[in-house]
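[1] Only the shape, not the letters, is given here:
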């Protein structure tokens, strides 16, 4: 499934009789609902909890979790950025960039480039990392809809910055992480990174 179809599936989960499952006044139902989205060969799962704290009458926020024998682990942009950074080398940078752009524009129905096989021998697997980026991107599109907001573009800008920092010296990964955790404003994209953002910037939601 692509972004539109999968977003509709999630909307079906987070509604009841066509109505968004809202937070109660005292928020005692925060993330109280649970839904498994994917199950992997090692029996780990990707799941969501909802409603999240950004839920309104018009949209239902959710949190993405990896679930394994050690329990539930909420996944952040920073964890994804760190994993991408660790996987990136001078030799595979162009293919990593293409991979991120493919997830941003196509979704999760993509294949791994053979040149990236060794990069996924540690950290998140290809399937899991792809799904994490995909489902968190849907969350961003739900929370920040319309062209006046960046939606999933913003998280993919940060992912691209993370791998850029691995092979260039004019920016550091800590700068990209600071932008990922920024609150209350939209961080500006860097203006000295060539065509880094071009493909993602053209996404129409």
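    That came in fine, so what should we check first? Quantities reported herein were computed from a predicted structural model and do not represent experimental measurements. Residues are numbered from 1 along each chain as shown.
[2] What residues sit buried inside stretch 58-70?
    For stretch 58-70, a neighbour-count test (16 or more other Cβ atoms under 10 Å) marks 59, 60, 61, 62, 63, 64, 65, 66, 67 as buried. Placement of C-beta: from N, CA and C, glycine included.
[3] Out of these, which sit inside strands?
    Among these, the ones falling in strands (DSSP state E) are 63, 64, 65, 66, 67.
[4] Report the contact partners of the second one.
    Just to be clear, that refers to residue 64. Listed by Cβ atoms under 8 Å, 6 or more residues apart in numbering, the contact set of residue 64 reads 46, 47, 48, 74, 75, 132, 135, 136, 139.
[5] Are any of those buried, and if so which?
    If we count by 16+ other Cβ under 10 Å, these have these buried: 46, 47, 48, 75, 132, 135, 136, 139.
[6] Which positions within the longest helix along the chain qualify as buried?
    Counting by DSSP state H, the longest helix found in the chain is helix 126-143. Of the residues in helix 126-143, 126, 128-143 count as buried by neighbour count, 16+ other Cβ under 10 Å.
[7] neighbouring contacts of the helix or strand in which residue 95 is found?
    Using DSSP states H and E, the element containing residue 95 is helix 93-105. The contact list for helix 93-105 (Cβ under 8 Å, 6+ apart) reads 84, 87-88, 110, 112-113, 115-116, 119, 130, 133-134, 137, 152-153, 156, 159-160, 163, 166-167, 196, 199-200, 203.
[8] From the chain's centroid, how far away is that helix?
    Remark: helix 93-105 is offset 13 Å from the chain centroid, using Cα atoms, centre = their mean, to the nearest Å.
[9] Next, the angle from it to helix 126-143.
    50 degrees (axes from the mean of the first three to the mean of the last three Cα atoms, to 10 degrees).
[10] buried set for helix 93-105?
    95, 96, 97, 98, 99, 100, 101, 102, 103, 104, 105.
[11] the inter-axis angle of the longest helix of the chain versus strand 63-68?
    Using the same axes, to 10 degrees: helix 126-143 against strand 63-68 is 160 degrees.
[12] Now do helix 126-143: which elements does it pack against?
    With contacts taken as 3 or more Cβ pairs under 8 Å, 6 or more residues apart in numbering; DSSP states H and E, helix 126-143 sits against helix 3-13, strand 33-39, strand 45-50, strand 63-68, helix 77-87, helix 93-105, helix 152-167.
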